[in-house]
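J.: Could you work out the structure for the sequence below:
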Amino acid sequence: MRENVPLTLLPLSRTILHMDMDAFFAAIEQADNPALKGKPVIVGGAKRGVVSTASYEARKYGVRSAMPIFEARKRCPQGIFLPVRMERYQEVSQKVMAILEAVSPLVEQVSIDEAFIDLAGTERLHGDTTQAARKIKGKIYAEACLTCSIGIAPNKFLAKIASDLEKPDGLTIVPEEVQSFLKDLPVGKLPGVGPKSEEALRSLGIYAVSDILRFPPGLLERKFGKYGLRLVELAQGIDDSPVIPCSPAKSMGSEDTLPEDTTAINILKKQLLSQAEEVGERLRRHGLKGRTVTLKLKHSDFALVTRSHSLKEATCATKILYDTAVMLLERYNLKTPVRLIGLAVSNFGEGQQYSLLPGVEKETEKLERVDHAIDRIREKLGRQIITRGSNL
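T.: Sure, this is the predicted structure:
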């Protein structure tokens, strides 16, 4: 384990820990199959998909997340390419999050492999911040045979930056004097600074975080809007955002890269049917209903297009999700081939309550009841026991 732990203690008022699993998907594959340890493992979609996670052995060849699979194969032809096993990764994620929740009730999971923890008040049970971090790392390794990197700081954004500094298996604690920690940090490390905004900042001569403080806040506000003032706060280490446990999902979706670029509507509809089934089933499993359906298309030139439609009432019915996505597809003037298609549901809320009076059940209610019945049958007898017609 690599550690960067200064002697300076953090103030007792607020201590935030950010835990980030190391090469999560690839590390699980290596833990499940020891023959893969020490080898370049690349987890992703089909040959036209993108890399989900690359092991550190593969990263030495320049393979990174979100890189097209064909590019990863060029850079690392000896790589071991594996399909995504999301159910397995979610199972391990739940185990990891349970370990964190045993340390503090204030755990905010921000993705399948990372979370923030507010350590305030946990000292009597788990010791100081360093002891708590080591305990978390040891427990995760003992139960899942995986490593994680941890950053500890007075606030969330500093903790997240710190967790990335000593990967893999790192532990970095930001000193109380945060200015020294931020001074030489590349400005691209700040949250919200993407490639374009980083380029704009560099055009002003802002390369390190400390360079931001050389400019009047008003100038940065005129140049970048409200985010210009946020940059000044971040450069001073200011971030008051709280750790929010059990933050609800804002959307739920599914997307797939197609085997070949296409403009064939029937092929795209078939993919939407599969995605509507997947998203609908996940919504029902979590007791959610959504009002807004979004169609996502990525063309052969990688141009990304989204189209959305809001329903009168929230639903989890597969047929309604599918019909709405198809309507958006048919309204879209499709001219260039599509390489990726996706369906997402958002704007969660409660739908209409099922009627208790005979003969007045709405069509939406009937569809949802049928879907729930199908889910139960598939859970008992397997997914292949019931399939839908291509035209629903």
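
J.: buried residues in the lengthiest helix in the chain?
T.: In the chain, taking DSSP state H as the definition, the longest helix is helix 265-285. Using 16 or more other Cβ atoms under 10 Å as the test for burial, helix 265-285 gives 268-269, 271-273, 275-284. Yep, even glycine has a C-beta here, placed from its N, CA and C like the rest.

J.: Pass me the low-pLDDT residue ranges in the chain, would you?
T.: For the chain, residues meeting the criterion pLDDT under 70 lie at 2-13, 46-47, 247-249, 350-361, 382-386, 388-392.

J.: of all the buried residues of helix 265-285, which comes closest to Lys95?
T.: Ranked by distance to Lys95 (Cβ to Cβ), the buried residues of helix 265-285 are led by Arg282 at 19.9 Å.

J.: Next, the contact list for that closest one, please.
T.: Neighbouring residues of Arg282 by Cβ atoms under 8 Å, 6 or more residues apart in numbering: Met252.

J.: Could you measure from it over to Val193?
T.: Distance of Arg282 to Val193, given as Cβ to Cβ, to the nearest Å: 32 Å.

J.: same check, this time on Ala120
T.: Using Cβ to Cβ, Ala120 is found at 29 Å from Val193.

J.: Compare neighbour counts for those two and give me the winner.
T.: Val193 (20 against 14; other Cβ atoms under 10 Å).

J.: For the nearest residue to that one once chain neighbours are set aside, give me its contacts.
T.: Excluding the flanking residues, the one nearest Val193 by Cβ to Cβ, 6 or more residues apart in numbering is Val187, at 6.0 Å. Contacts for Val187 (Cβ under 8 Å, 6+ apart) come out as 193, 198, 201-202, 206-209, 211-212.

J.: Got a quick PyMOL command for the buried subset of these?
T.: Per 16+ other Cβ under 10 Å, the buried members of the contacts of Val187 correspond to this PyMOL selection:
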select buried, resi 193+198+201+206+209+211+212
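
J.: Make TSV out of the contacts of Val187 and add secondary structure and distance to Ser251.
T.: As requested, the contacts of Val187 are exported to TSV (DSSP: H, G, I helix; E, B strand; the rest coil; distance: Cβ to Cβ, whole Å):
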residue	secondary structure	distance to Ser251
Val193	coil	24
Glu198	helix	27
Leu201	helix	30
Arg202	helix	33
Ile206	coil	33
Tyr207	coil	35
Ala208	strand	35
Val209	helix	32
Asp211	helix	36
Ile212	helix	32
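
J.: tally of neighbours for the closest residue to Thr263 other than its chain neighbours?
T.: Spatial nearest neighbour of Thr263, excluding adjacent residues (Cβ to Cβ, 6+ apart): Pro337 at 5.3 Å. Per other Cβ under 10 Å, the neighbour tally for Pro337 reads 14.
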